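# any chance you can model this:
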Amino acid sequence: MLDWLSGLTSSAPTVVFLVTAFFLPGLLVLLPLKPGWPAAIALSPAVTLLMLLAGSFATAALGLPWNAATAALTALPLVLLAWLAGRRFALGQPLAPGSAGLPTWLAVGAATALGSAVTCLALLRGIGDPATASQGWDPIFHLNALRWIQESGQATPWSIAPIFGAGRATYYPAGWHSAVALVPGSVSEAANLSSIVIGGLIWPAGLAFLATAVLPRHPAAWALTPLVGASFISFPFSQLLRSGQWPNGLATALVPATLALAVLLLRRVTSAGTPAGPTAVASAGPSAGPSAGRSGMQAGTRAGAPARGHIPLAIILVAVLGGCAAAHPSALFAIAVAVLPFVAARFLPLLVRGVRRRPLPTLAAVLVAVLLAAAAWSVLANSRLLAGVMAYRRAVRAAVPDSLYLAFFDLPRFPALSPPAPDDFNIAVGLLVILGAVVAVFVREARPLAATWLAFVGLYVLAAGPENGLRWLTGFWYKDTQRIAPFIAMAGSLLAALAIAVVTGAAVRAVMRVISARPHEARPAAGRWPVPAILFTVAAAAVTGALYVGSGSYRSVERVAVSAQNYTVSDKPGAGVLSSGEQAFIERAGSMLPDDAVVIGDPFNGETYFYALTGRHVVYTQLGAPTAGSAAKELLRTGFNRLAADPAVCDAVRKVGATYFYEDAPGGSHGSVSLKRWPGFYNVPTEQGFEKVASAEGRTLYRITACR
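Residues are numbered from 1 along each chain as shown. This is a model prediction of the structure:
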């Protein structure tokens, strides 16, 4: 284990660079506005992405290349503007419960760090060598897109698709690419380690911040949430590594902090003049010790005070939403689903009171809101881009009850692909989530959270299938269950933490009542130690530790296996996109080619990696629709092996600019059988018209001499 960890020290500079790239610009903008350190840390990646988006357009307009220096240069005016604005328009109070004492924040910080460490360790074990290229469908495109940004110096959403600038420029969310492309060196290492930053730092920090916003009177849940969140496989392991959805995964990781900010703004806007209820204060429990009651009372007093600072808070929310959209627009729909129950919980009572006291203005306001919502829906419904997404065709993955098992217990694989074993179920945490949803019925501020969890469970079941009249609602996420499951984990982490806090608190109170009923001489000395807080802390730590140990270190074997799926290589050439030793061969052979070389071959059998790994151009840059819009590419797919006999093939080679041919043993990956889908690149007569450049273990790189 120590040898393996010591081998990662060479990647430490890349991790530091990525952490700086994702967090520092946003922190420099947020800190002058005084949101408090917990909020600033959680929100800074989203603000950073908006700054990088603006910077990418600025550098493109000025004709400057996109790199770390120009990114910093374009961010500087925004930082200066924030510091000037902060002198006059800083927030009136932090965006986290300020009455919590230092011990509480130390516990939250320690728990977040521990949850982060558990997640990062499993991710790193799954990846193995961080420089190993992922063989996933999506990652192949993203790796080439990173290389293209570094080569072209352009990082706007209209600059990276299609790669090499061929064809009409189209929109593609470039937030992740614009940040990761700033890292010098290996693009595969930078991409892989970005998963560590996204899933191991941004996600747990967002979960902890969300817990402070949704459960302000349950400080124990703030610390428990990132610990429980580390138990889920759906995020970051499934989405970031197995699916390789790096841009969408980044957007997913931004949702908790953004939702927290929306909830805080909503509470401040609607709570002016509304005193906090006594039951909410009473629910604080023993976790905060004697200060818990004061904490709740102070929170209630602040809630009852006239709202201040709404405009700066709203501006920050707009900026954070912009950062989410820069990562991937689907995050906005997830935030909308998640925040809707909170909007209903805050506004419905106000609506009822308004109808009773001032019916006409209230009904007029409702009518305006309905018309605005209808107009927004009409714009979205008539969007050709959105219509294509909503109509995305996806096979049925699972039907009820299998889809419910997946949603409730976070199975690592679909039951149809692999019948689940008992250890596959996140059974204890799943039951705690359900218990937390029941507890939320009796905790007023937690009720919308339970509704949010149920909404995402319902969307997950719809996305899994079978086809029905409502499945189109999941088109915002391409009807992909792995894009929806993380939000079940998000809400579920808070619910499970709430269940542990409330049940443990009730048990501690029962113990204290028994102690208090004993004769006076048997009671502990009052005022010497905060006995309830100590008992609660020990009990909560014991429950969490039992969850970890009893679940096999949070199903460590399954988490590592899911993470490693796209990094496992076979010893047999042609098995998978890359087989054992193939990445090293491509890197070595690519270094032997001139800068203007263009490599052709089967993209499902290694050809695409010449660009990502060596910077040498390739004919087929991605696995999805690699020949679309090009008759020459389509002809070569089936007829390249007729190069010596058919002049049309040579014409096509010249048209695509291919100068080198990469040959590997036939195989199959991602459902593509080489000899059926790409027959032109097999059984090629290379005795004439080709010159061998490098060869090893059944792989050969040739220079094409037949079409000069």
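
# every contact and neighbour count from this point should use C-alpha atoms.
Noted.

# neighbours around Ala100, how many?
Look at Ala100: counted by other CA atoms under 10 Å, it has 20 neighbours.

# go on, Leu95?
22.

# show the contacting residues for it.
Going by CA atoms under 8 Å, 6 or more residues apart in numbering, Leu95 touches 35-36, 39, 261, 264.

# go again with 7 Å.
35-36, 39 (CA atoms under 7 Å, 6 or more residues apart in numbering).

# for the closest residue to Gly36 other than its chain neighbours, helix, strand, or coil?
Of all residues not flanking Gly36 in the chain, Pro94 sits nearest, at 4.9 Å (CA to CA, 6 or more residues apart in numbering). Assigned by DSSP: H, G, I helix; E, B strand; the rest coil, the conformation of Pro94 is coil.

# Pro94 against Pro35, yeah?
Yes: counting by CA atoms under 7 Å, Pro94 does reach Pro35; the two are 4.5 Å apart.

# ok, those two, which is more surrounded?
Between Pro94 and Pro35, counted using other CA under 10 Å, the more crowded position is Pro35 (21 against 16).

# from Ile41, how far out is that one?
10 Å (CA to CA, to the nearest Å).

# could you dump the contacts of Leu95 into CSV and include distance to Pro530?
What follows is those, written out as CSV (distance: CA to CA, whole Å):
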residue, distance to Pro530
Pro35, 31
Gly36, 28
Ala39, 29
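
# among those residues, which are located in helices?
Ala39 (DSSP state H).

# check which helix or strand Ala395 maps to.
Ala395 is part of no helix or strand, with elements assigned from DSSP states H and E.

# quick one: residues contacting the spatially closest residue to it that is not a sequence neighbour.
In this structure, Ala395 finds its nearest non-sequential neighbour in Gly465, 8.0 Å apart by CA to CA, 6+ apart. Residues near Gly465 by CA under 7 Å, 6+ apart: 396-399.

# same check, this time on Val339
Applying CA under 7 Å, 6+ apart, one finds that Val339 lies in contact with Leu259.

# count of neighbours near Met63?
Not Met; residue 63 is Gly. Using other CA under 10 Å as the criterion, Gly63 is surrounded by 11 other residues.

# one more: Arg471?
19.

# do Ala169 as well
14.

# do the same with Leu84
Neighbours of Leu84 (other CA under 10 Å): 14.

# tell me how far it lies from Glu582.
Leu84 is 54 Å from Glu582, by CA to CA.

# Gly323 too?
Taken as CA to CA, the span from Gly323 to Glu582 is 38 Å.

# what does Gly465 give?
Taking CA to CA, one finds Gly465 at 38 Å from Glu582.

# cool, and Ile311?
56 Å.

# run the chain-centre distance for the host helix or strand of Phe661.
Element membership for Phe661, per DSSP H and E: strand 660-663. Distance of strand 660-663 from the chain centroid (CA atoms, centre = their mean, to the nearest Å) equals 37 Å.

# what's the burial count for Trp427?
Let me fix one detail, which is that residue 427 is Ile and not Trp. Every residue meeting other CA under 10 Å relative to Ile427 is counted, giving 18.

# nope, Ala517 is what I was after
There are 11 residues near Ala517, going by other CA under 10 Å.

# what pLDDT does it get?
In this model, Ala517 is scored at 73, pLDDT.

# go on, Glu521?
50.

# contacts only, for Gln565.
Neighbours of Gln565 in contact, by CA under 7 Å, 6+ apart: Arg242.

# give me phi/psi at it?
Torsion angles at Gln565 (phi, psi; degrees, to the nearest 10) stand at phi -60, psi -40.

# same question for Gly101.
According to degrees, to the nearest 10, Gly101 has phi -80, psi 170.

# still on that earlier bit, have a look at Gly323 and Glu582 and say which one is more surrounded.
The neighbour comparison of Gly323 against Glu582 (other CA under 10 Å) goes to Gly323, with 28 against 23.

# so the more buried one is in contact with Leu49, correct?
Yes: judged on CA under 7 Å, Gly323 makes contact with Leu49 at a distance of 4.9 Å.

# most centrally placed residue in the chain?
Gly249 (2.8 Å; CA atoms, centre = their mean).

# in this structure, which spans are strands?
598-600, 617-618, 660-663, 668-669, 672-673, 690-696, 699-704 (DSSP state E).

# quick check: mean pLDDT of the last one?
Throughout strand 699-704, pLDDT has a mean value of 96.

# start to end distance for stretch 321-334?
11 Å.

# count the neighbours of His172 for me.
Careful, residue 172 is Tyr; it's not His. So Tyr172, with other CA under 10 Å, has 18 neighbours.

# can you pull the contacts of it?
Counted by CA under 7 Å, 6+ apart, Tyr172 has contacts 157-158, 161.

# make it 8 Å
Taking CA under 8 Å, 6+ apart, one finds 157-158, 160-161 in contact with Tyr172.

# wait, which of these is closest to Pro103?
Closest to Pro103 out of these is Pro157 (44.2 Å), distances taken as CA to CA.

# is it true that the closest one touches Ser178?
No: using CA atoms under 8 Å as the test, Pro157 is too far from Ser178 to be in contact (9.1 Å).

# comparing these two, which residue is more hemmed in?
Taking other CA under 10 Å, Pro157 and Ser178 do not tie; Ser178 has more neighbours (30 against 20).

# lowest-confidence helix or strand of the protein?
helix 278-282 (a mean of 34; mean pLDDT, DSSP states H and E).

# could you measure from the nearest residue to Trp37 once chain neighbours are set aside over to Pro94?
Excluding the flanking residues, the one nearest Trp37 by CA to CA, 6+ apart is Leu31, at 7.6 Å. Separation of Leu31 from Pro94 (CA to CA) stands at 11 Å.

# His177 too?
His177 is 32 Å from Pro94, by CA to CA.

# likewise for Ser669?
From Ser669 to Pro94 the distance is 51 Å (CA to CA).

# one more: Ser672?
Applying CA to CA to Ser672 and Pro94 gives a distance of 54 Å.

# now Glu189
Glu189 is 37 Å from Pro94, by CA to CA.

# again with Ala491
Using CA to CA, one obtains 23 Å as the distance from Ala491 to Pro94.
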